[in-house]
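> return atomic coordinates for the entry below.
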Amino acid sequence: MERFHYNSALEALNDLKKRGYTLDFNLEGDCLQCPQAQLQLNPKDFTIDEVYRFEGMSNPADSSVVYGISSKTGQKGVLVDAYGMYANSVSTEMAAKLKSAYH
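Just a heads-up that it's a prediction; the model follows:
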């Protein structure tokens, strides 16, 4: 997994977009969805290429994770997810997939 260093989530998002990660994914329980591409990906349908964690400067609970994601069919995009008490509720399979990107 390739790693770059970014000072903010916005910096990571801008660079990922420049490098071809142009779709915006949303977590929807047991899948990732991209309304703009009418795309739905189950955990087996995508790979997490890169992951970056950021903590809020004034509030550690205000933290986020930026994922660079590739689908098996070649689409590339980003997922931004809060962690801590604002994290989305996802399926066990999706949680395991996202967590595996940290190791």
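> give me the pLDDT for residue 80.
Note on residue 80: pLDDT of 92.
> buried ones in the one helix or strand it maps to?
Per DSSP states H and E, residue 80 falls inside strand 76-83. For strand 76-83, burial by neighbour count (16 or more other C-beta atoms under 10 Å) applies to 76-81. For every residue, glycine as well, the C-beta is placed using N, CA and C.
> now the helices for the chain?
9-18, 92-100 (DSSP state H).
> dump those into TSV; add mean neighbour count, mean pLDDT and distance to residue 31 as well.
Putting those into TSV (neighbours: other C-beta atoms under 10 Å; pLDDT from 0 to 100; distance: least, C-beta to C-beta, whole Å) gives the following:
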stretch	mean neighbour count	mean pLDDT	distance to residue 31
helix 9-18	16	96	21
helix 92-100	14	85	7
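> as CSV, those with distance to residue 49 would be great.
Below are the helices of the chain laid out as CSV (distance: least, C-beta to C-beta, whole Å):
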stretch, distance to residue 49
helix 9-18, 9
helix 92-100, 13
